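*Asks:* my questions are about this predicted structure, shown below with the sequence.
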Amino acid sequence: MSALSFTEKELFGGAITANVPSTWTDLSNIRQVPDNQECFIDITGLATLIFELNERVEKGNDEEDVKFHLSDIFEESPYKIWKSWRLDAGEAPQLDGIPAYAMLLTTPYVENRRDRVGHESQFVALAVVIIRLEKQKTDIVITANMPHSLQEAAAETTICPPGYEAEKGIAADYVWTPDNAAQPLRNLLDIIEQGVKTFNIRDFGLFVNAEED
């Protein structure tokens with residue numbers, strides 16, 4: 001699989017810009033998308049990249065607030081966090097000190113479909129970034145989803161669906177690194193890295209809760 005190329009896209013009427021994969025399609029050209037979302041899809045593999053504006057969560061601290069957003073994304077579905085970290089200035093240069101948190105996660109295998117070779121998704125790897133705008137009372141959630149086929153799931157050795165760590169030879173004290181990631185996961189990491197590194201809020205008037213200076 002060749003390396004991805006990226007194109008800058010205007011989001012939310014140009015109030016925000018960010019890079020997305022050049023060949024991906026704006027989902028709003030296919031079906032209706034909520035006003036608080038900008039969604040792009042790889043129609044050949046069903047991977048997606050979603051930029052979403054949400055009301056800022058206030059649960060007491062950033063860790064609890066991030067957990068709340070994950071519960072909103074996954075609802076009752078289980079998931080596994082392989083890595084979580086606060087983005088530094090080099091990873092998100094346009095955010096100018098605005099706190100942002102990133103996570104790499106996986107979902108379980110799709111029930112009763114693990115051995116169906118033709119099925120598009122066996123499990124999904126996700127990269128989630130949460131940007132916390134205190135003054136604007138907004139949390140921006142960026143989610144990249146990378147479905148893994150049966151063959152791709154078998155080839156990936158650095159992560160796996162929850163519950164399959166022993167089968168993959170992943171120890172309980174395993175610390176994830178991207179060094180030996182297979183191509184779909186490398187693509188996922190590239191997509192979220194590009195999306196965040198180029199993420200630029202050009203017009204803070206986008207946020208209805210923005211306070212007057």
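*Replies:* Happy to help now that I have it.
*Asks:* can you tell me the element the residue minimising distance to the centre of the chain falls in?
*Replies:* In the chain, the centroid-proximal residue (CA atoms, centre = their mean) is residue 143; its distance is 2.6 Å. Of the helices and strands defined by DSSP states H and E, residue 143 is found in strand 138-148.
*Asks:* what are the pairing partners of that strand, and which direction each?
*Replies:* For strand 138-148, the paired strands and their directions (DSSP bridges) read strand 47-55 (antiparallel), strand 123-133 (antiparallel).
*Asks:* contact partners of the shortest one?
*Replies:* If I follow you right, that is strand 47-55. 11-12, 16, 18, 20-21, 24, 27, 36-42, 69, 72, 137-147, 187-188, 191, 195, 206-207, 209 (CB atoms under 8 Å, 6 or more residues apart in numbering). (C-beta placed from N, C-alpha, C; glycine too.)
*Asks:* restricted to buried residues, select these in ChimeraX.
*Replies:* Selecting only the buried members of these in ChimeraX, with burial defined as 16 or more other CB atoms under 10 Å, works like this:
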select :11,12,16,18,20,21,24,27,37,38,39,40,41,42,69,138,139,140,141,142,143,144,145,146,147,187,188,191,195,206,207
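*Asks:* and the strand holding residue 143, how far out from the chain's middle?
*Replies:* Centroid displacement of strand 138-148 relative to its chain, using CA atoms, centre = their mean, to the nearest Å, is 3 Å.
*Asks:* only C-alpha atoms, please: export it in CSV.
*Replies:* Coordinates of each C-alpha in strand 138-148 appear next as CSV, following Å, rounded to 0.1, in the frame of the first residue of the first chain:
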residue,chain,number,x,y,z
THR,A,138,-15.9,23.8,23.4
ASP,A,139,-14.2,20.4,23.1
ILE,A,140,-13.1,19.5,19.5
VAL,A,141,-12.9,15.7,19.0
ILE,A,142,-11.0,14.4,16.0
THR,A,143,-11.5,10.7,15.4
ALA,A,144,-9.8,8.6,12.7
ASN,A,145,-11.1,5.0,12.3
MET,A,146,-9.2,2.3,10.4
PRO,A,147,-11.1,-1.0,9.9
HIS,A,148,-8.8,-4.0,9.6
